[in-house]
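**Student:** can you look at this prediction? I've put the sequence above it.
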Amino acid sequence: MESDTLRKHRILVLGANGQLGREFAHIGPSYEYCHFHFAAKSQVNIHDTSSLSAIMEEIKPDYVINCAAYTAVDKAESEADLCFETNAYACRSICEAVKTSGSRLVHFSSDYVYHSYNGFPLMETAPTEPRGVYARSKLEGEKIIRESGVPALILRTSWVVSSFGHNFVKTMLRLGREKSTLNVVSDQYGTPTYARHLATAVMDILLLTESEADKAELFNETYNYSPEGIISWYDLASTIMELAGLDCKVMPIPTSAYPTPAVRPHWSVMSKKKIRQSFDLETGHWRTGIRQCLEDLRAGD
Ligand SMILES: NC(=O)c1ccc[n+]([C@@H]2O[C@H](COP(=O)([O-])OP(=O)(O)OC[C@H]3O[C@@H](n4cnc5c(N)ncnc54)[C@H](OP(=O)(O)O)[C@@H]3O)[C@@H](O)[C@H]2O)c1
């Protein structure tokens, strides 16, 4: 029989086919002390409590990393039930399953929960004023998890990009090849997060809270996670064109010139002090992540 200390950590990743889920699959093999199981929506639909229970029974995970989410921010305005079912109410079933199996949960939330501006990077204690269905569903998911009492690390992240799935970087690369000019919103500020760096940060936190007893209680908290730096979508688009060597001129426009069904926060700049200090974590600079993302895209990773 394997001893507790020698046993590999079992990690179940839900929503494994999304951009973040696929980043966990990409970095997984470098963590020899972990045994990952990746469950895409086709294997485990988080609305379905029986398939959740079955996978928990089969894998007996030490950690459940919930990458499953409804992320179509604009579509959510006309699909509120599905959005809330996925981002909020399914968290209840996940927490039940986590509680029954005695495992711990890692969950991702969003800068959208804040929607406030005080001129400074938003701390985790800043007021939450979610606007729009997606934003409200993400905050409700956080509340359900906290009320469940399960040990849960909740990471609020922003502007996630990856070499996998659909995201702003890939859209800009496509449009940059097709068009000579492009209008991009210049009055929404935030920080792009490379999903591979986020996945790596999660693994660093799991390792640290497992190996250092005095850090264990820090797991059960809510943290902001994005790199350093403050830019607009216009700045990001310009940087992508420059780094990719694309001859497409990016023009700044106000949000009012690009109306969308869901209202976006103008200020998505989050303070990372809490996560940096709690876990001695380097959050790096957004430019490093974007450069890395473009390199990984070129390499086909
Ligand atoms: N993307 C961003 O800019 C951003 C910003 C802030 C926070 N976040 C948060 O970060 C987390 C990861 O986001 P992401 O960018 O990786 O999202 P993503 O690429 O949209 O991936 C989400 C995954 O969840 C799956 N899913 C949807 N409904 C499901 C269900 N009922 N059961 C099981 N799986 C289901 C999706 O499958 P299908 O595609 O087949 O539906 C998809 O594979 C999410 O919690 C998101 O809210 C993202």
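**Tutor:** Great, that's in hand. Residues are numbered from 1 along each chain as shown.
**Student:** show me what residue of this structure gets nearest to the ligand.
**Tutor:** Nearest residue of the chain to the ligand, counting by Cβ to the nearest ligand atom: G18, 1.9 Å away. C-beta here means a position set from N, CA and C on the backbone, and glycine is covered the same way.
**Student:** now that residue: phi and psi?
**Tutor:** phi -80, psi 180 (degrees, to the nearest 10).
**Student:** can you get me a residue count around the nearest residue to it once chain neighbours are set aside?
**Tutor:** With sequence-adjacent residues excluded and distances taken as Cβ to Cβ, 6 or more residues apart in numbering, G18 is closest to C67, at 5.3 Å. Using other Cβ atoms under 10 Å, C67 has 25 other residues around it.
**Student:** distance of C67 from P259?
**Tutor:** Taking Cβ to Cβ, to the nearest Å as the measure, C67 falls 30 Å from P259.
**Student:** try E57
**Tutor:** Distance from E57 to P259, counting by Cβ to Cβ: 48 Å.
**Student:** got it, and G141?
**Tutor:** 27 Å.
**Student:** who has more neighbours out of those two?
**Tutor:** The residue with more neighbours, out of G141 and P259, is G141; 27 against 7, by other Cβ under 10 Å.
**Student:** so what's the residue nearest to G18 up against?
**Tutor:** C67 is in contact with 13-16, 18, 20-21, 24, 108, counting by Cβ atoms under 8 Å, 6 or more residues apart in numbering.
**Student:** most neighbours, which of those residues?
**Tutor:** Each of these was scored for neighbours by other Cβ under 10 Å, and V13 scores highest at 29 neighbours.
**Student:** quick one: the strands in this structure?
**Tutor:** Assigned by DSSP state E, the chain shows strands spanning 9-14, 34-39, 63-66, 104-110, 152-157, 160-161, 181-185, 189-190, 193-194, 222-225, 231-232, 249-253.
**Student:** export those strands as TSV, with columns for mean pLDDT.
**Tutor:** Output for the strands of the chain, formatted as TSV (pLDDT from 0 to 100):
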stretch	mean pLDDT
strand 9-14	96
strand 34-39	96
strand 63-66	98
strand 104-110	98
strand 152-157	98
strand 160-161	97
strand 181-185	97
strand 189-190	97
strand 193-194	98
strand 222-225	98
strand 231-232	97
strand 249-253	98
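**Student:** straight-line length of stretch 13-33, end to end?
**Tutor:** This stretch, stretch 13-33, spans 16 Å end to end (Cα to Cα, to the nearest Å).
**Student:** residues touching it, excluding its own?
**Tutor:** With Cβ under 8 Å, 6+ apart as the criterion, stretch 13-33 contacts 8-9, 34, 36-42, 44, 46, 64-69, 71, 94, 108, 160-162, 164-167, 195-196, 198-200, 202-203, 301.
**Student:** just the buried members of those residues?
**Tutor:** Neighbour-count burial (16 or more other Cβ atoms under 10 Å) applied to those gives 34, 36-41, 44, 46, 64-69, 71, 94, 108, 160-162, 164-165, 167, 195-196, 198-200, 202-203.
**Student:** what does the protein have sitting close to the ligand?
**Tutor:** Residues of the chain lying near the ligand by Cβ under 6 Å from any ligand atom: 15, 17-21, 41, 45-47, 67-71, 86, 108, 110, 138, 157-160, 165.
**Student:** which residues touch R291?
**Tutor:** L243.
**Student:** so how far is P192 from it?
**Tutor:** From R291 to P192 the distance is 11 Å (Cβ to Cβ).
**Student:** try I145
**Tutor:** In terms of Cβ to Cβ, I145 sits 25 Å off from P192.
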